[in-house]
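1. Give the three-dimensional model of this entry:
(chains A and B)
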Amino acid sequence: MQTGTIFGGYACMGNERSIDQALVERVQQGDKKAFDLLVLKYQLRVSKLVARFLRNPADVPDVVQDTFIKAYKALPNFRGESAFYTWIYRIAINTAKNYLVARKRTSAQNSIDIQDAEDYGASDWLKDYVTPERKVLADEIQANINQTLTHLPPDLREAITLREMEGLSYEEIATAMACPIGTVRSRIFRAREAIDEKLEPLLDEYSHNVSET
Amino acid sequence: MNVNNQKQSAEIMSAYIDDALSADEMTPLIRLNESSGQAIAKRYSAATRYHIMGEVLRGELSEASMVDVSRQIHEALRNESFDPVEVVAAAKKPLRLAGRFDLSAWLGSFARPLAGMAVAASVSALVVVSVMQLESPERTQPLASAPVSAPADTPATQMVAQQPADDATTDAASKEQQMADFNNYLTEHAEFAAQDTIQGRIPYVRAVSYEAE
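-> Predicted structure coming up:
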């Protein structure tokens, strides 16, 4: 089943929409916890999108939160005619623009459309707003993850690299590595767990640093 | 939840954020989401770190990558009185609910059919008036009353014989009148028709046309 498309650096499988739609239907039936799963899945993509519209990174969490709350309120009207992420991306853009208007600010990227925002490099945004302390910590996180990656068993390293750096779907990785999809899934998970052991304390330190500043 | 189950649920979450869950794995995902609050928080934190891990490996780590508003959204929705099921039901609810009379809903229920009826009545009236105009005697009556003619099978000699004696003088008078009217018409036509041609509008320009030939 090679129906996946690369979207914002992520390989989306053909069953993505059906899982999202199933979760949406559960929310529409009153299951709020199912909405938590949708938030978990899309908050990073929405955050990155919103960050490209707003000049102040401190505004991003508020706008992302507003976006998801608006989406939740509008879910009864969502009929599944488009993919959930397309729908919520549109809400995110409108929320960001409304936020700018409300604050009477101007954004250099006000006129960019959804695809332009997707293609816009996050590094440009990062250059202006990362403080030196955070930059050092971010570099430390990057170095640690890369070091952990080099010490991973080759099959785990290859699986996580193909997934995260090349953006391949699990099916494509299974074909490339000549192994079942279940094995790919397990390898990717084990690689993540190994990296997470180093990442978790660093992120705690990062969060502490951010809350202090 | 034992260690194996924890690993399994963590693997499901890892596959979920990669959009790599099959449709039949929705149930374990939902069940995972219904476990204890602490377990959910731990799993959600791990999922957020998986996202960050991907950002680092792709070299796209930014402030926006660190945004995690899932807890805030969960809290906001918990306090939110909105319930999608209630909203869907509200669209179908009767006008009188819990003994409270909703005036705007009552007016709304009358306004729409009344507006429709008003439009239909206007169109009907317009059609009736138009038909009456078309069939009115002024329009159907010929400009000049048609001369009384004999039936086609009446012999010509009989027709001449049937003419009254004073008809000859009456016909002659009316013929002169008709000729005078006709002359007036032609004169006026020649005056006004000239203005509709190039020669009439720009008399000093020589225009060659098919009519001139």
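2. So is stretch A:88-99 next to chain B?
-> No. Stretch A:88-99 does not reach chain B (Cβ under 8 Å from any Cβ of the partner chain); its nearest approach is 11.8 Å. C-beta: built from backbone N, CA, C; applies to glycine.
3. Correct me if wrong, but residue B:192 is in a helix.
-> Yes. Remark: residue B:192 belongs to a helix, assigned using DSSP: H, G, I helix; E, B strand; the rest coil.
4. so who does it touch?
-> Contacts for residue B:192 were tallied using Cβ atoms under 8 Å, 6 or more residues apart in numbering or on different chains; there are none.
5. where does chain B dip in pLDDT?
-> Low-confidence segments of chain B, defined by pLDDT under 70: B:1-3, B:23, B:36, B:80-112, B:136-169, B:193-213.
6. And the strands in it, which stretches?
-> Read by DSSP state E, chain B holds these strands, from start to end of the chain: B:96-97, B:100-101.
7. now chain A
-> Listed from the start of the chain, chain A has strands (DSSP E) covering A:5-7, A:10-12.
8. which one of those has the lowest average pLDDT?
-> In terms of average pLDDT, strand A:5-7 trails the rest of the strands of chain A, at a mean of 36.
9. quick one: is stretch A:180-189 near chain B?
-> Yes. Stretch A:180-189 reaches chain B (Cβ under 8 Å from any Cβ) through A:181, A:185, A:186, A:188, A:189.
10. Which positions in that stretch come out as buried?
-> A:181, A:183, A:184, A:185, A:186, A:187, A:188, A:189 (16 or more other Cβ atoms under 10 Å in any protein chain shown).
11. and it, how far from the chain's centre?
-> Per Cα atoms, centre = their mean, to the nearest Å, the displacement of stretch A:180-189 from the mean C-alpha position of its chain is 21 Å.
12. where do the helices sit along chain B?
-> Secondary structure of chain B by DSSP state H: the helices cover B:3-17, B:26-33, B:37-58, B:70-79, B:84-90, B:103-135, B:137-140, B:156-162, B:167-193, B:198-201.
13. can I get those in JSON lines with distance to residue A:168?
-> Shown next, in JSON lines, are these (distance: least, Cβ to Cβ, whole Å):
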{"stretch": "helix B:3-17", "distance to residue A:168": "14"}
{"stretch": "helix B:26-33", "distance to residue A:168": "22"}
{"stretch": "helix B:37-58", "distance to residue A:168": "13"}
{"stretch": "helix B:70-79", "distance to residue A:168": "27"}
{"stretch": "helix B:84-90", "distance to residue A:168": "36"}
{"stretch": "helix B:103-135", "distance to residue A:168": "54"}
{"stretch": "helix B:137-140", "distance to residue A:168": "80"}
{"stretch": "helix B:156-162", "distance to residue A:168": "104"}
{"stretch": "helix B:167-193", "distance to residue A:168": "82"}
{"stretch": "helix B:198-201", "distance to residue A:168": "76"}
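14. Could you pull up the residues touching the spatially most central residue of chain A?
-> With the centre of chain A defined as its mean C-alpha position, the nearest residue by Cα atoms, centre = their mean is residue A:44, 3.0 Å away. Applying Cβ under 8 Å, 6+ apart, one finds that residue A:44 lies in contact with B:48, B:51, B:55, B:64, B:65, B:67.
15. Give me the neighbour count for the third one.
-> Taking other Cβ atoms under 10 Å in any protein chain shown as the neighbour definition, residue B:55 ends up with a count of 23.
16. Over to the last one?
-> Residue B:67 has 22 neighbours, counted by other Cβ under 10 Å.
17. what about it, distance to residue B:41?
-> Separation of residue B:67 from residue B:41 (Cβ to Cβ, to the nearest Å) stands at 17 Å.
18. Over to the third one?
-> The spacing between residue B:55 and residue B:41, counted by Cβ to Cβ, is 21 Å.
19. next one: residue A:197
-> In this view, residue A:197 and residue B:41 are 18 Å apart by Cβ to Cβ.
20. Next: residue A:180.
-> 32 Å.
21. Nearest to chain B among the buried residues of stretch A:180-189?
-> Distance ranking of these against chain B, using Cβ to the nearest Cβ, places residue A:189 first at 4.4 Å.
22. Residue ranges in chain A under the pLDDT threshold?
-> Low-confidence segments of chain A, defined by pLDDT under 70: A:1-17, A:104-130, A:206-213.
23. quick check: longest helix of it.
-> Ordering each helix of chain A by length in residues (DSSP H) puts helix A:181-212 first.
24. contacting residues around the residue nearest to residue B:25 when sequence neighbours are not counted?
-> Leaving aside its sequence neighbours, residue B:25 sits nearest to residue B:12 (Cβ to Cβ, 6 or more residues apart in numbering or on different chains; 6.3 Å). Counting by Cβ under 8 Å, 6+ apart, residue B:12 makes contact with B:21, B:25, B:28, B:29, B:32.
25. do the same with residue A:187
-> Residue A:187 sits next to A:155, A:156, A:159, A:160 when contact means Cβ under 8 Å, 6+ apart.
26. Could you check how far the closest residue to the last one other than its chain neighbours is from residue B:21?
-> So the one you mean is residue A:160. By the measure of Cβ to Cβ, 6+ apart, the closest residue to residue A:160 outside its immediate chain neighbours is residue A:191, 3.8 Å from it. In this structure, residue A:191 and residue B:21 are 18 Å apart, going by Cβ to Cβ.
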